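Engineer: Got a predicted structure here, sequence first:
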Amino acid sequence: MSRYTLTEILEATSGRLILRGADAFSGVSIDSRTIKDGDLFVALRGERFDGHLFVDEALKKGVGAIVSYPPVVPRGRSIIHVSNTLRALQRIARYRRLSRQVTVVGVTGTNGKTTTKEMIAAVLDGRYKVLSSRGNLNNQIGLPLCLTDLDDHDMAVLEMGASRSGDIRELSDIARPDIGVITNIGPAHLDGFGSLEIVRETKYEILDFVKTAVLNADDPNIKDVPGQCRVVTFGMNQEADVRADNIVHEEGELSFRVHLKEGDSFDIRLRVFGLFNVYNALAAVAVCRLLDVPVDIISASLGEFGGVPMRLELKELKGALVISDLYNANPASMEEAVKELVRLRRGRAVAVLGDMLELGPYGEQAHRKLGRWLATLNVDVLIAVGDLMSYTCEEFSAGNGNLKALHVRDPQEAREILLGMVGKEDTVLIKGSRGMRLERVLEN
């Protein structure tokens, strides 16, 4: 099945056809290793890679390529020249979105984007044909690549990440979301943003594009909301349009009651835990009610949702309960994970924490603040992994001399220490930024 014609690609990219072969393409790919028969290959260039080096390999299956400098290719393939291949990919995605009658939901925020996106897609999938972002591909490459798969879908649910001012505006201009979700706003990627205020301004960029904004009513950083769009709120706040109460925590599960502004109330039981997942679910409820999904379908679909890999997974190590939260880490998500450690503790609470990266000049301050806060909680042992975590370890030890704090350089050393001291009654949290590779703590 052809998804794109050559004419559409040329119109979308304003590219120049330098070799004509195929007149239609089944899809768009940026990876020569996974390209499918009939695809159009876009040769992206970055600081550490150049897709032009793999054009020949890609065209063994693909039937065309978009390039910024002409490679030597076999005849029978269509080659389109553009000045910037990434911009071409983004223009194809925007062209595709604008040529389809589809409702687009954009999900942004500091934490919870992927889970909220997956929850929304899980509920909508039983009622509509839904396209959703692959995994956490939420940047200037991943989002447009996802949109190139748009076909006869009714809905698209897209995650939008940002590491600097202007990122959400750029993604929104490509995706043109109808509904925008801001899960929360907190300190993350401060090396790119520079301040929390700029984080907020960047997340708010989506509001210039949407008809309806779905916002966290309990987040003090979501304030002074600009724009003319309709606002729907979620949270525990009595004034929220979608509100939760009667929250019951169980090991590995959550249950709560949802109250809608229009008067309906219903129960939800999640197969995931963590208070923040109540917020993620409430955001999903708000979006799906806007899209006329009945409450019984919302409740049933969220009840079947099994979570996102590497997010608050319960595991076992030498009989100890392990909370594995290895997807990423920033001050806000670290705080939520530690709260779950304290809540679920059976015997000792052991925190194996890795550096929170991408905080720029705020790194030392954030890690010291974490250590002082940890010392006020029921955390018995801290195994701090990485250079920045040395500050956390220092503050944790100073806060209470009876607490045990160990600083190590790498996950392997942390594993050896943990295996030597963990007992069956212990509860362990393992969390850090992806770059710290803390999954190695659990590897055999």
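Structural biologist: Structure's in. What do you need?

Engineer: any chance you could map the helices in this protein?
Structural biologist: Using DSSP state H, the helices found in the chain span residues 6-13, 55-58, 85-98, 113-124, 142-147, 167-175, 190-193, 196-203, 275-290, 295-304, 331-344, 363-374, 389-399, 411-421.

Engineer: Now do the third one and helix 6-13, the angle between them.
Structural biologist: If you take axes from the mean of the first three to the mean of the last three Cα atoms, to 10 degrees, helix 85-98 sits at 110 degrees to helix 6-13.

Engineer: Please save the CA atoms from helix 85-98 in CSV.
Structural biologist: Extracted as CSV, the C-alpha positions of helix 85-98 are listed here (Å, rounded to 0.1, in the frame of the first residue of the first chain):
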residue,chain,number,x,y,z
THR,A,85,17.1,16.6,5.6
LEU,A,86,15.7,17.0,9.1
ARG,A,87,13.7,20.0,8.1
ALA,A,88,12.4,17.9,5.2
LEU,A,89,11.3,15.1,7.5
GLN,A,90,9.4,17.7,9.7
ARG,A,91,7.8,19.2,6.6
ILE,A,92,6.6,15.8,5.5
ALA,A,93,5.1,15.2,8.9
ARG,A,94,3.3,18.6,9.0
TYR,A,95,2.0,18.1,5.5
ARG,A,96,0.7,14.7,6.4
ARG,A,97,-1.0,16.0,9.6
LEU,A,98,-2.7,18.9,7.7
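
Engineer: list the helices and strands that helix packs on?
Structural biologist: For helix 85-98, the packing partners by 3 or more Cβ pairs under 8 Å, 6 or more residues apart in numbering; DSSP states H and E come out as helix 6-13, strand 39-42, strand 64-67, helix 142-147, helix 167-175. (C-beta placed from N, C-alpha, C; glycine too.)

Engineer: Packing partners of the third one?
Structural biologist: Using 3+ Cβ pairs under 8 Å, 6+ apart as the contact criterion, the elements in contact with strand 64-67 are helix 6-13, strand 39-42, helix 55-58, strand 78-81, helix 85-98.

Engineer: 7 Å - rerun?
Structural biologist: strand 39-42, helix 55-58, strand 78-81, helix 85-98 (3 or more Cβ pairs under 7 Å, 6 or more residues apart in numbering; DSSP states H and E).

Engineer: same question, the last one
Structural biologist: Applying 3+ Cβ pairs under 7 Å, 6+ apart, one finds that helix 167-175 makes contact with helix 85-98, strand 103-108, helix 142-147, helix 196-203.

Engineer: Just want the angle from the first one to helix 167-175.
Structural biologist: Computed with the same axes, to 10 degrees, the direction of helix 85-98 lies at 60 degrees from that of helix 167-175.

Engineer: Tell me the gap between helix 85-98 and the middle of its chain.
Structural biologist: Chain-centre distance of helix 85-98: 22 Å, with Cα atoms, centre = their mean, to the nearest Å.
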